[in-house]
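Peer 1: Provided below for reference: sequence and predicted model.
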Amino acid sequence: MKQYNSKHVSTLSTRGFYTILTLCGLIIAVSAWVLWSSVSGAPEADPSISTPIIAPTQNMPDLTADTPVGADDPEPAEPASAEAKDAEPEQAEPQAPAVVETVHAPVYVRPTAGGVVTPFSGDELIFQPTFGDWRVHTGTDFSAEPGENVLAVTNGTVLSVFDDALYGTSVTLQHDADLTTTYSGLDEVRVAAGQIVEAGETLGTCAETIDAEAALGTHVHVSAQRGGSAVDVLELLDEPLE
């Protein structure tokens, strides 16, 4: 009985070995067939499609470094805000044109149309026929007809209107640069103190006589002062005495 069991076990062991060996051979055969099918059925590579090749000289990022990838890339510019887009460029405010002052030279005119009766003498003594002596003549006498208009020599302001015991009714004008002019021997004065007058404007009319210079006939006595010193009226008029 024991001999029969041993023989039976030995037979089963031999059959199991060959069964396993056969199964392994089938598995190898099937695997080989599948592999051959996949290789033979794969599409051929298209020569028109080029695969990019990275040259060994290209600088590749060092992925082992602590610096994160893209750290050296320039920062993208921030998009303009809506307010900046809508804002219009500031325009410079138009400047007012510069005011150019035109300086006009003073205009001088003759006080009357007549000629010079007695000129300005300055420090020089001249004969005075009315008093019959020699004295200085600090003004200029201009011939005029009684009632003839007497004109302002230049622009100015009426400083005063007064009566002088020797030279009769007089008008004094204040001009620029400390210049004053006085017109004596007037009648029918037409200006008042504080009034602004222009060159050639009528100050009054010529009186019939001047007591201090009665021997000279009808005329107007005009004197000028600059800074308190007597000035020749003919120099203001730029008329040299002939």
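Peer 2: Perfect, thanks for sending it.
Peer 1: how does this protein divide into domains?
Peer 2: 1-33, 116-236 (automatic domain parsing).
Peer 1: what average pLDDT does the shortest one get?
Peer 2: It refers to domain 1-33. This predicted structure assigns domain 1-33 an average pLDDT of 63.
Peer 1: check which element follows the helix or strand of the chain with the lowest mean pLDDT along the chain.
Peer 2: Across the helices and strands of the chain, the lowest-confidence element by mean pLDDT, DSSP states H and E is helix 82-86, at a mean of 54. Counting by DSSP states H and E, the element after helix 82-86 in chain order, helix or strand, is strand 116-118.
Peer 1: which helices and strands sit right next to that following strand?
Peer 2: Under the contact definition 3 or more Cβ pairs under 8 Å, 6 or more residues apart in numbering; DSSP states H and E, strand 116-118 sits against strand 139-143. Every C-beta, even on glycine, is put in place using the N, C-alpha and C of the backbone.
Peer 1: where does this protein dip in pLDDT?
Peer 2: Low-confidence regions of the chain, defined here as pLDDT under 70, cover residues 1-17, 33-34, 36-92, 94, 96-103, 241-242.
Peer 1: could you pull out the strands for it?
Peer 2: Assigned strands in the chain, in chain order: 116-118, 126-128, 133-135, 139-143, 149-151, 156-164, 168-174, 179-187, 196-197, 202-206, 219-226, 229-231 (criterion: DSSP state E).
Peer 1: could those strands go into CSV alongside mean neighbour count and distance to Arg110?
Peer 2: Rendered in CSV, the data for the strands of the chain read as follows (neighbours: other Cβ atoms under 10 Å; distance: least, Cβ to Cβ, whole Å):
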stretch, mean neighbour count, distance to Arg110
strand 116-118, 18, 10
strand 126-128, 14, 22
strand 133-135, 10, 25
strand 139-143, 23, 7
strand 149-151, 22, 7
strand 156-164, 16, 16
strand 168-174, 20, 15
strand 179-187, 22, 12
strand 196-197, 15, 15
strand 202-206, 21, 13
strand 219-226, 22, 9
strand 229-231, 15, 16
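Peer 1: got those as CSV, with distance to Ala29 columns?
Peer 2: As requested, the strands of the chain are arranged in CSV below (distance: least, Cβ to Cβ, whole Å):
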stretch, distance to Ala29
strand 116-118, 155
strand 126-128, 162
strand 133-135, 164
strand 139-143, 152
strand 149-151, 146
strand 156-164, 138
strand 168-174, 140
strand 179-187, 140
strand 196-197, 136
strand 202-206, 147
strand 219-226, 142
strand 229-231, 145
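Peer 1: fine by me, thanks again.
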